[in-house]
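1. have a look; sequence and predicted model below, questions after that.
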Amino acid sequence: MTTRTTVSAVIAALGDSMDYAIPDHSFSPFYSDIGLGFVEPQSGDGEAAGIDSLYLHYNRATTRFGAPFVRFDSDEPLVEVKRTALCVEHRFASGGVRTAFTARNTFLVSCTGIDGIAFRFATAGTLPGEARVTFRDGCYLFEGYLQKADQRDPDPVFPIIVGLRVVRGNVSGDGVKDAMHVSPDDGTIVVAFSVNVLDIDRRDILRLLTGTPTDVDDAVEMTRAWLETTLGKLDVSPLGLTDDATAEEHILARAAYSMAANCTLAPGMLRGRVALWPARGSYPIIAPWDACFHTLGLAYMEPRLAPDQIYILTENGIRADGKHACFIASTWRRPELAQPALAGWAAERLYNDRKDDPEYGVAFVRRVLPGLILNNRWWLGHRMTRYGVISCPHGVESGWDNSPRWDRRPILATDMNTWLLMQLRVTERFARLVGDEKAAADARGDADALAAAMMDVLYDPEANRFRDVLVETGEPVEVLTPAAILPLLGDVGLDGSRARRMIEDTLLDPKRLFGEYPFPSVAYDESTYVSHDYWRGPVWMAVGWMMLEILDKYGYRAERMEAAKRLYRMVIRDGGLREWFDSTDGHGCGAHEQGWTAAILLRLRMELGAVE
């Protein structure tokens, strides 16, 4: 029996009909911060085939650049389009075009048997009068400015450069005042493109263009090699846990490819790191708690990817006073709100996976520890209350945006205090690993004080439940959500018998949280429960993962296995990698190609596969 490599399995499972029409699904290998969008013309609509859009995935909101970006000119009808993980092929009645990447933000367009291609920089979205072109070292450099895509971005415009090298073909027009047309040379056209946004480096563009292979088959093989390295040790073979093994393998392959395509060597404040966007079209940013869950899947992929998400949080993306912004973009941060203190949890999990690796063992701990200490100080200084626990002013800061927990905001949130408690415990253990006894003692003292206050303020001993509490009045918030169970992860000091009773009475109750699609963001029997309203009842894979960790911690192995299978089947049967899922029918909603959904699905595949 022949065993396929992961990359071969992914390419085969994805086939040749991939959707590159919308920003979330753009063609974007090599950790690019651009993506190509392809929308094929309908018969008789008068439009030419081509690269419809150049999507710029770099700064909170994706910018669409192109009208179209490149047009393929042919009098022959378009017969077929093949969109694979490695290239896009347009086949005409007597000729064709193949498009493939060769490096980050750099791709090759190779044509045979068509009349030509057309490109015009000035009509693709640049500000009037700002478009310009120069010719250097055999390459055309088109430069200009685009307007910001998100009104909250403080910069009104940002720069773009598109490099173009005609490897084979004849040029007419300058591409600014009028369209640049490239006609065939002996029936063939080969054109290389390279793009930069924000970080404009003309020398790098020229180096990439002059080093581009002239044969598109070489480009395809370069993409295959990149994908093989990036996917690492992932396994996308089906487990047989659904009734359609082909569909199961397809969505696993999509998850693996999506993780790779969402990874970006981003410019600006994130420079030098490979950031995994939550969704490259919808959320081209670093959201700190998304980044932590991304490491669950990235841990099996190229070795630098998972640590980079932690380094972004502890080095690139942390403010001087220790605050993590609500999200981090290439040139700006959302400043008014923070994000959960989950970096410690993610860092320790990654360390435990790789502690025998000299590059990612204690050396990794030494790098991330200062950032964890700084972030702990921010929470204890900026969110501490008279109750001895921290407050959360808005659901967006917790990530649970419109949850009914915040209907009477602000609150003392069970989850936010748990994340901080867990990070303080990790800080203590990491400090001891590197011999910093003072930092360890400080973290231990802060953790013990926070745990005691959580038991005193957030725990109801009669009901044996943790509850959020209103900051203003001290009243408990009665709505039951999975957040009420989370303090069990934080070593708050609750004895084991009470913890197990809490799990059995709430988390494992099918009328409350353990339904066919576990674990809804609001319990099924709550009056505020809505199965399809964002954080008021749908299933979120990140929350589901934490509930699996609680079941594992307290020895509910069979129940954890069953819950893991239900979550796994839910994503497979939906057929998408959506942001969240309706908790009554498992239907996916929200953004496409969501990073943490893909990461957790792949993690479940690897863990369930080991058990099976």
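-> Nice, thanks for sending it over.
2. CA only for contacts and neighbour counts going forward, please
-> Noted.
3. CA atoms only: put the longest strand seen in the chain into CSV for me.
-> Looking only at the chain and at elements set by DSSP state E, the strand with the highest residue count is strand 157-168. The C-alpha coordinates for strand 157-168 follow below in CSV (Å, rounded to 0.1, in the frame of the first residue of the first chain):
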residue,chain,number,x,y,z
VAL,A,157,-3.4,56.4,3.1
PHE,A,158,-0.8,53.7,2.7
PRO,A,159,1.7,53.0,0.0
ILE,A,160,1.7,50.2,-2.5
ILE,A,161,4.3,49.1,-5.1
VAL,A,162,3.6,46.5,-7.9
GLY,A,163,6.7,45.2,-9.7
LEU,A,164,6.2,43.7,-13.2
ARG,A,165,8.8,41.9,-15.2
VAL,A,166,8.0,40.8,-18.7
VAL,A,167,10.0,37.6,-19.1
ARG,A,168,8.6,36.9,-22.5
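4. got the domain ranges for this structure?
-> With automatic domain parsing as the criterion, the domains of the chain are listed as 6-230, 495-612.
5. closest to G399 out of these?
-> With C-alpha to C-alpha as the measure, domain 495-612 is the member of those nearest G399 (9.0 Å).
6. state the pLDDT value of Q42.
-> What the model reports as pLDDT for Q42 is 66.
7. ok, back up a step: contacts for the helix or strand just after the longest strand of the chain, please.
-> Moving toward the C-terminus from strand 157-168, the next helix or strand (DSSP states H and E) is strand 170-172. Outside of strand 170-172, the residues that reach it under the criterion C-alpha atoms under 8 Å, 6 or more residues apart in numbering are M180, H181, V182, S183, P184, D185.
8. the very next helix or strand once past strand 170-172 packs against which elements?
-> On the C-terminal side of strand 170-172, the nearest following helix or strand under DSSP H and E is strand 180-183. In terms of contacts (3 or more C-alpha pairs under 8 Å, 6 or more residues apart in numbering; DSSP states H and E), strand 180-183 is packed against strand 116-119, strand 170-172.
9. will you turn those into TSV that also has mean neighbour count and distance to T473?
-> As requested, the helices and strands packed on strand 180-183 are arranged in TSV below (neighbours: other C-alpha atoms under 10 Å; distance: least, C-alpha to C-alpha, whole Å):
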stretch	mean neighbour count	distance to T473
strand 116-119	23	63
strand 170-172	14	73
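10. and A275, which of those is closest to it?
-> Put simply, out of those the one that sits nearest A275 is strand 116-119, at 30.7 Å, with distance taken as C-alpha to C-alpha.
11. go ahead and name everything in contact with the closest one.
-> Strand 116-119 is contacted from outside by 69-74, 175, 179-184, 189, using C-alpha under 8 Å, 6+ apart.
12. and the helices and strands packed on strand 180-183 as a markdown table, adding distance to R409?
-> Listed next are the helices and strands packed on strand 180-183 as a markdown table, based on distance: least, C-alpha to C-alpha, whole Å:
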| stretch | distance to R409 |
| --- | --- |
| strand 116-119 | 53 |
| strand 170-172 | 63 |
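13. check the gap between R432 and V543 for me.
-> Here the criterion is C-alpha to C-alpha, to the nearest Å. By it, R432 lies 30 Å from V543.
14. just A431 next, same as before
-> Distance of A431 to V543, computed by C-alpha to C-alpha: 28 Å.
15. which one of these two has more residues nearby?
-> Under the neighbour definition other C-alpha atoms under 10 Å, A431 and V543 were set side by side, and A431 has more, 23 against 16.
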